[in-house]
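**Q** have a look at this prediction, sequence included:
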Amino acid sequence: MIICRTKAEMREAVRGWKRAGETVGVVPTMGYLHEGHLGLVRMARQKADRVVATIFVNPTQFGPNEDLTTYPRDEARDLALLEAEGTDAVFLPNVEEMYGAGGDTFVEVPGLSAILQGALRPGHFRGVSTVVTKLFNIVTPDFAVFGEKDYQQLTLIRQMVRDLDMPLEIVPHKTVREADGLAMSSRNVRLTAEHRAEAVQLSRSLTVAEELAKSAPAISALEAAVRQSLAEAPSGKVESVDIRDAETLEELSGMLDRPAVVLLAVRFGTVLLIDQRVIAPAD
Ligand code: PAF
């Protein structure tokens, strides 16, 4: 496994593969890898001849009140996990290498950046779309794999790639879950035992929505059912329950008449958990 700390090293590795006619898949991450990320790596392996994982804790997607310095990091463990998956190269730049003296140019998808999580975290998605564009320009992948867990991020990146004619395919990957259904996240380790036990209610409430959706109910009834189910996790502070068009994330009203995504954000102590599921009326 090649470890590239500079853009030049990364470009050099990819150049060699492309010369040999090989395709490249990339899995962008912020490190502290878990089974969810490894699922993305395996998906990239199925799609492409060569797999690059990137590890970069991107400062431009953290708000002033979000602590970048306490973001968990474990480079040695991450590298061992990636090596065991047969990853061909890891791109591990530092902030200086990534942004240098510049940093005056941004890529933004204004509509999708301003809603939902974007409204709660101003500037977050501008940081994501900018760093992802930079990673695409450095790695020049044929495929990039993103988890459905960060559904708004996935939707926004798809839109960006379409709008800017970026020459690659965005490959979505289903949310990887613990045995009890909790979506895998590097934040899960920060849950207390009590919160961890209650956190399972997020995925349970999504199952409630999925079942109810089959009978094409009113959107308001779906939301009420999800909130009622989440109330079974009394320590969780429900920050948002949104039911949106699964393609565009536009607001829905009236009866459920198309695929929709249920997006949840629930806070346990200081840990904000998110989860999502696409639901649809039965045919
Ligand atoms: O999903 C993440 O881990 C990050 O937002 C990403 C896509 C690696 C960009 O920094």
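**A** Happy to help now that I have it.
**Q** what's the helix or strand for residue 257?
**A** Using DSSP states H and E, residue 257 falls within no helix or strand.
**Q** quick check, it in contact with residue 217.
**A** No. Contact criterion C-beta atoms under 8 Å: residue 257 and residue 217 do not qualify, at 10.7 Å. Where C-beta positions appear, they are placed from N, C-alpha and C, glycine not excepted.
**Q** residues of the lowest-mean-pLDDT helix or strand in the chain that come out buried?
**A** Least confident helix or strand of the chain, by mean pLDDT, DSSP states H and E, is helix 117-120 with a mean of 91. Going by neighbour count (16 or more other C-beta atoms under 10 Å), the buried part of helix 117-120 is 117, 118.
**Q** following element in sequence after that helix, please.
**A** helix 124-139.
**Q** how about that next one, does it reach the ligand?
**A** Yes. Against the ligand, helix 124-139 shows contacts by C-beta under 6 Å from any ligand atom at 128, 131, 132.
**Q** who are the contact partners of the last one?
**A** Translated: residue 132. Listed by C-beta atoms under 8 Å, 6 or more residues apart in numbering, the contact set of residue 132 reads 28, 144, 157, 160.
**Q** what's the helix or strand for the nearest residue to residue 146 once chain neighbours are set aside?
**A** Excluding the flanking residues, the one nearest residue 146 by C-beta to C-beta, 6 or more residues apart in numbering is residue 154, at 4.8 Å. Remark: residue 154 resides in helix 151-163, with elements defined by DSSP H and E.
**Q** which stretches of the stretch 151-283 of the chain form helices?
**A** Along the stretch 151-283 of the chain, counting by DSSP state H, counting those that start in this stretch, helices occupy 151-163, 193-199, 201-213, 219-230.
**Q** skipping adjacent residues, who's closest to residue 216 in space?
**A** Here the residue nearest residue 216, using C-beta to C-beta, 6+ apart, is residue 281, at 3.8 Å.
**Q** show me what the helix holding residue 154 is packed against.
**A** Under the contact definition 3 or more C-beta pairs under 8 Å, 6 or more residues apart in numbering; DSSP states H and E, helix 151-163 sits against helix 110-114, helix 124-139, strand 143-147, strand 169-173, strand 260-268.
**Q** and the chain, which residues reach the ligand?
**A** 28, 29, 30, 58, 61, 128, 131, 132, 150, 153.
**Q** which SS state does residue 106 fall under?
**A** Three-state assignment for residue 106 (DSSP: H, G, I helix; E, B strand; the rest coil): coil.
**Q** how many other residues sit next to it?
**A** 12 (other C-beta atoms under 10 Å).
**Q** any idea how far it lies from the ligand?
**A** Relative to the ligand, residue 106 is positioned 14 Å away (C-beta to the nearest ligand atom, to the nearest Å).
**Q** contacts only, for that residue.
**A** Here residue 106 is in contact with 126, 129, 130 (criterion: C-beta under 8 Å, 6+ apart).
**Q** correct me, but the last one touches residue 99?
**A** Which is residue 130. No. Counting by C-beta under 8 Å, residue 130 sits too far from residue 99 to count as a contact (9.5 Å).
**Q** if we can go back for a sec, give me the number of residues near the residue nearest to residue 216?
**A** 15.
**Q** how near is it to the ligand?
**A** From residue 281 over to the ligand (counting by C-beta to the nearest ligand atom), the distance is 30 Å.
**Q** hmm, residue 211 and that residue touching each other?
**A** No. Judged on C-beta under 8 Å, residue 281 makes no contact with residue 211 at a distance of 11.8 Å.
**Q** residues contacting the residue in the stretch 151-283 of the chain positioned nearest to the ligand?
**A** The ligand sits closest to residue 153 of the stretch 151-283 of the chain, with a gap of 5.8 Å, by C-beta to the nearest ligand atom. Shown in contact with residue 153 (C-beta under 8 Å, 6+ apart): 125, 128, 146.
**Q** swap in residue 48?
**A** Residue 48 neighbours (C-beta under 8 Å, 6+ apart): 22, 23, 24, 25, 141, 142, 143.
**Q** quickly list what the nearest residue to the last one once chain neighbours are set aside is bridged to.
**A** Spelled out, that is residue 143. Nearest in space to residue 143, with sequence neighbours left out and distances taken as C-beta to C-beta, 6+ apart, is residue 25 at 4.1 Å. As for beta bridges, residue 25 partners with residue 51, residue 143 under DSSP bridges.
**Q** count the neighbours of residue 25 for me.
**A** 27.
**Q** go ahead and confirm it touches residue 53.
**A** No. Assessed by C-beta under 8 Å, residue 25 is found out of contact with residue 53, at 9.6 Å.
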